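Undergrad: Everything below, folded, please.
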Amino acid sequence: MRFLLLFVSILALNGCATNQNPKVYRNKISFYQPEKLKVLYAAPKQEKLPRECYKINFPDADIAEQSLQLETLRRLYEHNKAFLPKARKELKEFQKFIADLKVRISDRNKLYKQLKELEKKLEESKQKIEKIKSGETK
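TA: Numbering: from 1, shown residues only. The predicted model follows:
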């Protein structure tokens, strides 16, 4: 026991007598941190559903599911109600475009039929001219 006390006191005196500064690491340590990226597209935040739509306890699960479906249908109806006037307008424009195309097609069909009739008449007139020429040469 005396030996241990002697040894500890020698170490303490030795530590106090020497004027060594403890080695302290003074350089700043920096850890790798990735750069923050800009958010180019973020999904729109959805509205939270009313509390009645969530399952609170097991017996109310069916009621909660039904109310959730009703809430979903209500939102879909609101969305469609806002979309319908624009869709009707586009449908009318499309119908006008189709009507114009039908008119153009019918006009081209008429011209095509007239062209075929003219070709037939031209062939007939050529045959008549050939007959006349062949009759004159005889």
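Undergrad: would you list every one of the helices in this structure?
TA: 2-17, 61-137 (DSSP state H).
Undergrad: Let's test this: mean pLDDT of the first one, rounded?
TA: Meaning helix 2-17. The average of the pLDDT scores along helix 2-17 is 75.
Undergrad: Please compute how far it lies from its chain's middle.
TA: Remark: helix 2-17 is offset 77 Å from the chain centroid, using C-alpha atoms, centre = their mean, to the nearest Å.
Undergrad: still on that earlier bit, just put the helices of the chain in JSON lines and tack on distance to residue 33.
TA: Just so you know, the C-beta spots here come from the backbone N, C-alpha and C atoms, and that holds for glycine as well. Output for the helices of the chain, formatted as JSON lines (distance: least, C-beta to C-beta, whole Å):
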{"stretch": "helix 2-17", "distance to residue 33": "40"}
{"stretch": "helix 61-137", "distance to residue 33": "41"}
